[in-house]
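> Following is a predicted model, sequence given first.
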Amino acid sequence: MTDPWATFGADLHLETTGAAGLRAGLMDALREAVRTGRLAPGTRLPSSRGLAADLGIARNTVADAYAELVAEGWLTARQGSGTRVARRAEPRRSATRVIRTRAVPSRPTHNLLAGSPDLSTFPRADWLKASRRALTAAPNDAFGYGDPRGRVELRTVLADYLARARGVYADPERIMICAGFVQALKLMGPVLRRRRVREVAVESYGLDVHWDLLRDAGLRLPRLPVDGLGARTGELAGLRGAGAVLMTPAHQFPTGVPLHPDRRAAAVDWARGTGGLVLEDDYDGEFRYD
């Protein structure tokens, strides 16, 4: 028996049933998929061997169908690039519906948005090498559900990095990997509440999304004024109800001011003296000036 359909690619169901024969039915199905837009121009089709195996038919039948559709202009074939839907093959448009393409807005020459590094400098080659090494050496259980704190290998490497680059001693068992600062803050809010913290001091300028997460946890947010030296952390001593402080010391957001060393020391002294917690959003921390 042969299967009258095949699924390949995302969201594509190819019907090949019909009385005209396998090759003609396959060609009709491919034409219809292109006409209706299910196969967009430029889409790469499976190899003749792969599609034949999926359909349970002879490879020559698929190869002949591909060749005829190439001759008709529906498909293109190039050695090394495979068989693709021709660029000029456009889906059929309804007479009652006009499809308008929106003009693509021009991109600025320089992107000065805060928190957006130069993405063109991403080390693609090094990342690919490291990924290959990691995948080769990874144990089988690395691909399943692991420790919710994150892989122990990652936490160990981070602990070494924090000690070497930041002068911070951290036990891998006390490190938790999050998807980003927002998730970390979302987890911290309820934890602080359970620890009987009622107020978290925040800088007078900051991100609403961060403040909203803390408010959603039932925490009050007294403000620390910000000036040319960063947040005035000396005023933490006057906030009797604050059990934590949320800060952006590397570059205060959105002013960009780095926190003055004396004010860093004041924040640490406050935390040591009260048992308070310093929540540091270290965005752009790698761009700190020594």
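Noted; the coordinates are in hand. As the structure is a computational prediction, the values presented were derived from the model and not from experiment.
> roughly how far apart are the spatially closest residue to residue 206 that is not a sequence neighbour and residue 112?
In space, residue 206 comes closest to residue 253 once its chain neighbours are excluded; the distance is 6.0 Å by C-beta to C-beta, 6 or more residues apart in numbering. (Glycine included, C-beta is placed from N, CA and C.) Going from residue 253 to residue 112 by C-beta to C-beta, to the nearest Å gives 14 Å.
> which residues in the stretch 51-200 of the chain form strands?
Along the stretch 51-200 of the chain, counting by DSSP state E, counting those that start in this stretch, strands occupy 75-78, 82-85, 199-203.
> Need these in JSON lines (columns: distance to residue 222).
Converted to JSON lines, the strands of the stretch 51-200 of the chain look like this (distance: least, C-beta to C-beta, whole Å):
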{"stretch": "strand 75-78", "distance to residue 222": "65"}
{"stretch": "strand 82-85", "distance to residue 222": "60"}
{"stretch": "strand 199-203", "distance to residue 222": "5"}
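> Mind putting these into JSON lines with mean pLDDT, distance to residue 279 and mean neighbour count?
Formatted as JSON lines, the strands of the stretch 51-200 of the chain follow (pLDDT from 0 to 100; distance: least, C-beta to C-beta, whole Å; neighbours: other C-beta atoms under 10 Å):
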{"stretch": "strand 75-78", "mean pLDDT": "89", "distance to residue 279": "55", "mean neighbour count": "16"}
{"stretch": "strand 82-85", "mean pLDDT": "90", "distance to residue 279": "51", "mean neighbour count": "18"}
{"stretch": "strand 199-203", "mean pLDDT": "97", "distance to residue 279": "7", "mean neighbour count": "24"}
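> Have a look at residue 253 and residue 112 and say which one is more surrounded.
residue 253 (20 against 6; other C-beta atoms under 10 Å).
> Quick check: that one touching residue 280?
No. Using C-beta atoms under 8 Å, residue 253 makes no contact with residue 280, being 12.0 Å away.
> What ranges does the stretch 51-200 of the chain have for its helices?
Under the criterion DSSP state H, counting those that start in this stretch, the stretch 51-200 of the chain contains helices at 59-72, 124-137, 152-165, 181-194.
> what number of residues lie near residue 52?
Neighbour tally, residue 52, other C-beta under 10 Å: 19.
> can you pull the pLDDT of it?
The per-residue pLDDT reported for residue 52 equals 84.
> try residue 133
95.
> can you check residue 258 too?
Looking at residue 258, its pLDDT stands at 92.
> from what I can see it touches residue 252, true?
Yes. Contact criterion C-beta under 8 Å: residue 258 and residue 252 qualify, at 7.4 Å.
> list the residues that contact both of the two?
Common neighbours of residue 258 and residue 252, using C-beta atoms under 8 Å, 6 or more residues apart in numbering, are residue 230.
> So which residue is smack in the middle of the protein?
Closest residue to the average C-alpha location of the chain: residue 179 at 8.8 Å, with C-alpha atoms, centre = their mean.
> Flag the shaky bits of the stretch 151-290 of the chain, pLDDT-wise.
Within the stretch 151-290 of the chain, the stretches with pLDDT under 70 are 288-290.
> again, 80 this time
Low-confidence segments of the stretch 151-290 of the chain (pLDDT under 80): 284-290.
> which residue sits closest to residue 86 in space, ignoring its chain neighbours?
Of all residues not flanking residue 86 in the chain, residue 76 sits nearest, at 5.0 Å (C-beta to C-beta, 6+ apart).
> now the one you found: how far from residue 61?
20 Å.
> again with residue 218
In terms of C-beta to C-beta, residue 218 sits 67 Å off from residue 61.
> Could you check which of those two has the larger neighbour count?
In this view residue 218 and residue 61 are compared by other C-beta under 10 Å, and residue 61 has more residues nearby, 19 against 12.
> closest to residue 206 out of the helices of the stretch 51-200 of the chain?
helix 181-194 (11.4 Å; C-beta to C-beta).
> Would you mind listing the buried residues in that closest one?
181, 184-186, 188-189, 192 (16 or more other C-beta atoms under 10 Å).
> Repeat that for stretch 64-82.
64-66, 69, 74-76.
> And stretch 270-289, by the same measure?
Quick answer for stretch 270-289 (16+ other C-beta under 10 Å): 270-271, 276-279, 281, 283-284.
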